[in-house]
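Peer 1: Need coordinates for the below:
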Amino acid sequence: MTSYVPARASAWFEIPVRDLDRARAFYGAVLQTEIPVIEGDPNPIAIFPSEDEKLAGHLYPGKPAGDGTGPTVHLFVAAPLESAMERVKENGGQVVSPILAVPSGSFVYCIDPDGNSFGLFV
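Peer 2: Okay, here's the model as predicted:
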C-alpha cells in the first residue's frame, strides 16, 4: 500500500454563523483583512482569503454548534498574538485560554460572537 501525504491536512472549512455581515466584520477585524461575500446557491458565503484558494474556508448562514462545542478552526494572524487577542475582545469575542506554545508556533483558543470555537496561531 502506498502512503499518501497531502501538502496540508485540511482542504476546506466552514463556520456557521447567525449573521453573515456581523461575522465578516468580526473575523475581518481580528484577522485584519477583508472577508468578501460570494453570492450563490444555496446561500451566500464569505470567503477567508488565502494565497492558494484551494486551501481556504468560509462563513455561511447557519446554526452554530453552540458555545465552544463544535470543531475548532485555527487561523493564522500576524504577530504579536497579544494584539490579535485584543481585537477578539474589542469585537465581541472571547479569549478562553492563555497563549500556548507548541514546536511550530503559539496559539490561543477563542470563541466568536456566535459561540464558535476558533484558535489564533502565529
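
Peer 1: which residues of the chain fall in strands?
Peer 2: Taking DSSP state E as the criterion, the chain contains strands spanning 12-17, 37-38, 45-47, 56-61, 73-76, 94-95, 100-102, 105-111, 117-121.

Peer 1: So which other helices or strands are in contact with the fourth one?
Peer 2: Translated: strand 56-61. Judged by 3 or more C-beta pairs under 8 Å, 6 or more residues apart in numbering; DSSP states H and E, the packing partners of strand 56-61 are strand 12-17, helix 20-31, strand 45-47. The way it works is simple: take the backbone N, C-alpha and C, and place the C-beta from them, glycine included.

Peer 1: got CSV for these, with mean neighbour count and mean pLDDT too?
Peer 2: Listed next are the helices and strands packed on strand 56-61 as CSV, based on neighbours: other C-beta atoms under 10 Å; pLDDT from 0 to 100:
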stretch, mean neighbour count, mean pLDDT
strand 12-17, 17, 92
helix 20-31, 19, 97
strand 45-47, 19, 94
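
Peer 1: among the ones you listed, which is nearest Thr72?
Peer 2: Of all those, strand 12-17 sits nearest to Thr72, with 10.2 Å by C-beta to C-beta.

Peer 1: Which other helices and strands does the closest one contact?
Peer 2: Secondary-structure packing of strand 12-17 (3+ C-beta pairs under 8 Å, 6+ apart): strand 56-61.

Peer 1: Show residues contacting the strand it packs on.
Peer 2: Here strand 56-61 makes contact (C-beta atoms under 8 Å, 6 or more residues apart in numbering) with 10, 12-18, 20, 23-24, 27, 35, 43-50, 73.
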